[in-house]
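# generate coordinates for the sequence data below:
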Amino acid sequence: MFKKAAEPAIGTTFADALEMQASGQTASNATELASIARGASRDDRSFWLLPVLIALFGLALRLYRLNYESYWGDEIFAFALVKLPWGAMHAAMVKDVVHPPLHYYLLHEWFQWFGFGTLQGRLLSAIMGTLAIPALYGLAKLLSDRQTALISALLLAASQLSIQYSQEARAYALLLLLTIASSYFFLRAVKERRPLFWWLFVAAAVLVECTHYFGLLALFSLAAFGALYRRAHPIPRSWWIGGSLIIGAFLAAWLASGPLHEALYGPKMASERGKAWSERWFAPFELVNVFNNGRPNALYGLAPLWTFFCGGLIFSLPAAIGLVRSLGNRDKQNSAVSCESAAFLLLSSALPVMISLTMGLFIRFYEYRYLSFCVAPYYVLVARGMTSFRSRLAAPLLASVALFYSVFALRANYFVPYKEDFRDSMTYLAAHSQPGDCYAVIPRGEDYHFHMAREVYASGMPPLTFTPIEALQDRDCARSWLITYTRGDFSDLVRLKRNIRNQLDARFAAIDRQSYFWIALDLYDTRPSGRPSAALFQRPEGNR
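As a prediction, the model looks like this:
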């Protein structure tokens, strides 16, 4: 009796069973349906339990030591900018030219609700980075199966790159979330041809382009997939035209408000033209190693060579195996779907990288953080490869190894400094400065970083007035602070710091000397009796 009762159980609840019993149906039938409904309810709870636990695990990793590092230069710029009124904030964004406004607007309103503070600024990114985990779960499940989706979410939860930018008051965590959302809505619209999902995709695409210009590369990848599979999944022409007009209108409105003119005629972009940044032959391998969590010693500089091999075996090899098996699937029924999913993931993860690396040959237009959103489809490729083996133990074992390797690499995120220490240096300077002190910054042009850092970490203190190092002898200063900024410890900056400090040490008495990560403070007695000659601070030829 009721042999197929299990089939309609998805929509059956315990209340439905009670109604059936009350309406005169047999007790055995109602009891059977109630039992099935209880089982379905338990299945629903267990279905969401693992994704929720993975998201909570990712949240914990993103909150741990969230405010341990000082704000670095870009974060300080964002913090100082969003404290301004809307008009002044927009003018500053136009001058900056390299970033669209959405993250700044969100951060501005976020601070209005939760107060200004470095912790609050990073908390917004931590939330966005955490939301990207269940979003990737949904995208991966749409492209593959639940096991692949769970592994994809787990890889993103422990991703060194995602955690790094989820602990930074910048736009990259938001960009990751929005690119995943736009991909999800796009695929649903293409496969189901439902207008709701198409216009949700258009809305997400507008948010992507308003978050970061490199988000346009993610949208281009989606358009390339749509063009490649236009016969299998035809999209109404009216959808394409309407969506393109809306996306283009928002971008044009923003660019017309000032950034386009500033990019063409302003000094910032002019200084970047002609600078090759990604001409290094190993740049693609370096980027993949970053995706593979291959920076256990530090988040800056070149990673150890062994990480390229280990990360390649743990992450890249499964991704390659998954691609090959998807393209070589002999099951005719599933072959087309498998190839489509593989093509989508390959386009989403590789095409933006190829375009940006090519552009980087001619202009400083490549930083791996700009492409951090590509890590999401890459992890789905990795997860597909891990689940492609016949053994049931293969996928859990490979995922466990990847998780262990990723968590091991997080020591660099949590315990190895990688951001210049504006916080402690500016706090110390504020506590030990005296009226009449003079301040000089090397290298030239970095004054604005310390102006903004003063606003962040010494709020309420008078702004600093900086004197060019060559003009110290013209100022009547009893004490002079030399502030050196050697971000990245580049050799030319280190040489310049050493040269200027040696010249000052030879002429003046050093009162105090403090060293912080990539920032140093040197205090000298520069009373008029010990003024240096005009030729003292000539910079070496190699540093001009």
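# pretty sure residue 129 contacts residue 162?
Yes - the pair residue 129 / residue 162 is scored as a contact, 5.7 Å apart, by CB atoms under 8 Å. C-beta: built from backbone N, CA, C; applies to glycine.
# all strands for the stretch 351-500 of the chain, in order.
For the stretch 351-500 of the chain, the strands defined by DSSP state E, counting those that start in this stretch occupy 438-442, 479-485.
# coming back round to it: any shared contact partners between residue 129 and residue 162?
173, 176 (CB atoms under 8 Å, 6 or more residues apart in numbering).
# can you redo the strands of the stretch 351-500 of the chain as CSV with mean neighbour count, mean pLDDT and distance to residue 429?
Formatted as CSV, those follow (neighbours: other CB atoms under 10 Å; pLDDT from 0 to 100; distance: least, CB to CB, whole Å):
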stretch, mean neighbour count, mean pLDDT, distance to residue 429
strand 438-442, 22, 92, 8
strand 479-485, 22, 93, 7
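# residue 369: which of these is closest?
strand 479-485 (20.2 Å; CB to CB).
# got the domain boundaries for the chain?
Domain assignment for the chain, taken from automatic domain parsing, gives 1-56, 64-415, 422-543.
# any idea which of these is most buried?
Ranked by average neighbour count under the criterion mean count of other CB atoms under 10 Å, the domains of the chain are headed by domain 64-415 at a mean of 19.
# and it, end to end?
In domain 64-415, first residue to last residue: 11 Å (CA to CA, to the nearest Å).
# now the strands for the stretch 1-150 of the chain?
Taking DSSP E, counting those that start in this stretch as the criterion, the stretch 1-150 of the chain carries no strands.
# which stretches of it have low pLDDT?
Residue ranges of the stretch 1-150 of the chain with pLDDT under 70: 1-46.
# for residue 100, find the nearest of the strands of the stretch 351-500 of the chain.
Evaluated over the strands of the stretch 351-500 of the chain, closeness to residue 100 peaks at strand 479-485, with 27.7 Å, by CB to CB.
# what distance separates the closest one from the centre of its chain?
Its chain's C-alpha centre and that of strand 479-485 lie 33 Å apart, by CA atoms, centre = their mean, to the nearest Å.
# same for that strand, what does it pack against?
Packing partners of strand 479-485 (3 or more CB pairs under 8 Å, 6 or more residues apart in numbering; DSSP states H and E): helix 422-432, strand 438-442, helix 447-457, helix 491-507, strand 519-525.
# redo that, cut-off 10 Å
Strand 479-485 sits against helix 422-432, strand 438-442, helix 447-457, helix 491-507, strand 509-516, strand 519-525, with contacts defined as 3 or more CB pairs under 10 Å, 6 or more residues apart in numbering; DSSP states H and E.
# switch these over to TSV; also include distance to residue 94.
What follows is these, written out as TSV (distance: least, CB to CB, whole Å):
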stretch	distance to residue 94
helix 422-432	25
strand 438-442	26
helix 447-457	16
helix 491-507	30
strand 509-516	33
strand 519-525	29
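# so which of these gets nearest residue 177?
Residue 177 lies closest to helix 447-457 among those, at 25.7 Å (CB to CB).
# what about the closest one, average pLDDT?
On average, the pLDDT along helix 447-457 is 89.
# so, low pLDDT: which residues of the stretch 301-450 of the chain?
Ranges of the stretch 301-450 of the chain meeting pLDDT under 70: 329-336, 363-365.
# the same query, at a cut-off of 80, please.
Low-confidence segments of the stretch 301-450 of the chain, defined by pLDDT under 80, are located at 327-337, 360-366.
# ok, residue 423 to residue 238 distance?
In this view, residue 423 and residue 238 are 54 Å apart by CB to CB, to the nearest Å.
# how about residue 104?
34 Å.
# ditto for residue 261
As defined by CB to CB, residue 261 lies at a distance of 34 Å from residue 238.
# now do the contacts for the closest residue in space to residue 79 that isn't next to it in sequence.
Spatial nearest neighbour of residue 79, excluding adjacent residues (CB to CB, 6 or more residues apart in numbering): residue 456 at 5.3 Å. Neighbour list for residue 456: 70-71, 75-76, 79-80, 83, 116-118, 121, 422-423, 426 [criterion: CB atoms under 10 Å, 6 or more residues apart in numbering].
# got it, and residue 521?
Going by CB under 10 Å, 6+ apart, residue 521 touches 424-426, 428-429, 432, 439, 481-484, 512-515.
# for residue 469, which non-adjacent residue is closest in space?
Leaving aside its chain neighbours, residue 469 sits nearest to residue 440 (4.6 Å; criterion: CB to CB, 6+ apart).
# is that neighbour in a bridge, and if so with what?
Beta-bridge pairing for residue 440 (DSSP bridges): residue 482.
# go ahead and confirm residue 341 touches residue 183.
No - between residue 341 and residue 183 there is no contact under CB atoms under 10 Å: 11.7 Å.
# overlap in contacts, the two.
Shared contacts of residue 341 and residue 183, defined by CB under 10 Å, 6+ apart, comprise 142-143, 380.
# in helices only, show me these.
Secondary structure from DSSP state H places 142-143, 380 of those in helices.
# quick check, nearest of those residues to residue 461?
Nearest to residue 461 out of those is residue 380 (CB to CB; 49.1 Å).
# model confidence for the residue nearest to residue 302 when sequence neighbours are not counted, exactly?
With sequence-adjacent residues excluded and distances taken as CB to CB, 6+ apart, residue 302 is closest to residue 286, at 7.4 Å. Residue 286 carries a pLDDT score of 92 in this model.
# how about residue 261?
If you check residue 261, the pLDDT there is 85.
# also the one 10 residues further on?
In this prediction, residue 271 carries a pLDDT score of 59.
# ditto for the one 10 residues further on
Looking at residue 281, its pLDDT reads 72.
# part of a helix, is it?
No - counting by DSSP: H, G, I helix; E, B strand; the rest coil, residue 281 falls outside a helix, being coil.
# ok so, going back, can you tell me which of the helices and strands packed on strand 479-485 is nearest to residue 147?
Short answer: helix 422-432, nearest of the helices and strands packed on strand 479-485 by CB to CB, at 43.6 Å.
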